[in-house]
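# Below is the structure, and that's it, no one-letter string:
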């Protein structure tokens, strides 16, 4: 699941794009529940893209999960999250915060190769290959937060001001941010021989990408844990153990979450039966039960809500 066309269409003179998202309580029924976190709802399901991502939490209470962290972690207003290229990640929000606002910038790390000398190119290569990662989380209490946030705002302004020297402003702010992260010790390149833990990290990311791609392609089929494991040449025991460690849920729950996410827009134009069949549900009772568990309402109630 790569960066969607909404971002790509915004690329102008530099390979970077911004996105602002504002959600309110009335969107909660449209979002899937986070089965392992009571009162939390999935904002962006597990995905990855070749660009690096910087996410600023402007309002609301959030949690994020990535193949790097291996568990859900909390993020509050003012926090800045970083996701490296090809790093699978997911965000969730808590109901009751009234307003949820994030600002996001995705950019091609090869921009860093333009830094004079070999350091920029080496860093871009290390980030892309996973031998170096951005820090997962900068909180408002971190001493470097103010400088990093200022650089982030400058990058946003540059992307929102076409034909006003955005290339210089964005590149300068990006270099400032990366320079601060390196100076503070957040960005450390590791030797390519890597340690055992580093190899495990890369294996988990590779596993997550394969599972995401496979499920996105085959969710409408008769998927099971054993069939998915066999299709990807994993033993079922290894697949289950690795999946639980990376995704913090069992595979059947993940498949149902994807299916319900695919079914919601279909219900706006299809019957409940047709939408269920198109998304891989062979029994209507299971579809209705799963839909209610993920959204808090029945498929028919959801249809009536969207019409209203």
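In hand now; what should we look at? The structure presented is a predicted model; accordingly, all values stated were derived computationally and were not measured.
# measure residue 277 to residue 221 for me?
To residue 221, residue 277 is 12 Å away according to C-beta to C-beta, to the nearest Å. Placement of C-beta: from N, CA and C, glycine included.
# hang on, isn't residue 50 packed against residue 87?
No: in this structure, residue 50 is not within contact of residue 87 by C-beta atoms under 8 Å, at 10.5 Å.
# returning to that earlier point: show me which of residue 277 and residue 221 is the more surrounded one.
Looking at residue 277 and residue 221 with other C-beta atoms under 10 Å, you find the greater number of neighbours at residue 277, namely 17 against 10.
# Flag every buried residue along the helix or strand where the more buried one lies.
Under the criterion of DSSP states H and E, residue 277 resides in helix 272-278. For helix 272-278, the neighbour count (16 or more other C-beta atoms under 10 Å) marks 272, 275-277 as buried.
# Counting by contacts, list what that helix packs against.
The contact analysis (3 or more C-beta pairs under 8 Å, 6 or more residues apart in numbering; DSSP states H and E) places helix 272-278 against helix 251-266, helix 284-295, helix 299-307.
# If I average pLDDT within each of the ones you listed, which one is lowest?
Mean pLDDT values for the helices and strands packed on helix 272-278 show the minimum at helix 299-307, a mean of 83.
# helices or strands next to that one in the packing?
helix 272-278, helix 284-295.
# Nearest to residue 37, out of these?
Nearest to residue 37, of all the helices and strands packed on helix 299-307, is helix 284-295, at 13.3 Å by C-beta to C-beta.
# can you give me the strands in the chain?
Per DSSP state E, the chain carries strands over the ranges 16-24, 40-47, 52-59, 62-66, 73-75, 80-83, 89-94, 99-107, 137-138.
# To residue 284, which of those lies closest?
In terms of C-beta to C-beta, the element of the strands of the chain nearest to residue 284 is strand 40-47, at 23.7 Å.
# chain center to the closest one: distance?
7 Å (C-alpha atoms, centre = their mean, to the nearest Å).
# ok, and what's touching it?
Contacts to strand 40-47, defined as C-beta atoms under 8 Å, 6 or more residues apart in numbering, come from residues 1, 21, 23, 28, 31-34, 62-63, 65, 88-95, 100, 208, 212, 247, 254, 257-258, 261.
# still on that earlier bit, relative to residue 157, which of the strands of the chain is closest?
strand 16-24 (9.6 Å).
# Closest to residue 17 out of the buried residues of helix 272-278?
Of all the buried residues of helix 272-278, residue 275 has the smallest distance to residue 17: 31.5 Å, by C-beta to C-beta.
# Report the contact partners of that closest one.
Residue 275 touches 263, 266-267, 299, counting by C-beta under 8 Å, 6+ apart.
# Is it possible to get a markdown table of the residues you listed that adds distance to residue 282 and neighbour count?
Formatted as a markdown table, the contacts of residue 275 follow (distance: C-beta to C-beta, whole Å; neighbours: other C-beta atoms under 10 Å):
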| residue | distance to residue 282 | neighbour count |
| --- | --- | --- |
| 263 | 14 | 25 |
| 266 | 16 | 17 |
| 267 | 18 | 20 |
| 299 | 15 | 24 |
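# Show me the two of those residues that sit farthest apart.
Pairwise distances across the contacts of residue 275 (C-beta to C-beta) peak at 10.0 Å, for the pair 266 and 299.
# Now the helix ranked longest in the chain: buried residues?
The longest helix of the chain (DSSP state H) is helix 196-218. Buried residues in helix 196-218, counted by 16+ other C-beta under 10 Å: 201, 204-205, 207-209, 211-212, 215.
# Over to stretch 56-72?
Neighbour-count burial for stretch 56-72 flags 56-68, 72 (criterion: 16+ other C-beta under 10 Å).
# farthest-separated two in these?
Maximum pairwise distance in the buried residues of stretch 56-72, criterion C-beta to C-beta, is 26.7 Å, between 59 and 67.
# starting at the chain centroid, how far to the helix holding residue 277?
Offset of helix 272-278 from its chain centre (C-alpha atoms, centre = their mean): 27 Å.
# and which of the contacts of residue 275 is nearest residue 127?
For the contacts of residue 275, the minimum distance to residue 127 (C-beta to C-beta) is 36.1 Å, reached by residue 263.
# Can you add distance to residue 116 and give the buried residues of helix 272-278 back as a markdown table?
A markdown table is the format used below for these (distance: C-beta to C-beta, whole Å):
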| residue | distance to residue 116 |
| --- | --- |
| 272 | 60 |
| 275 | 55 |
| 276 | 58 |
| 277 | 58 |
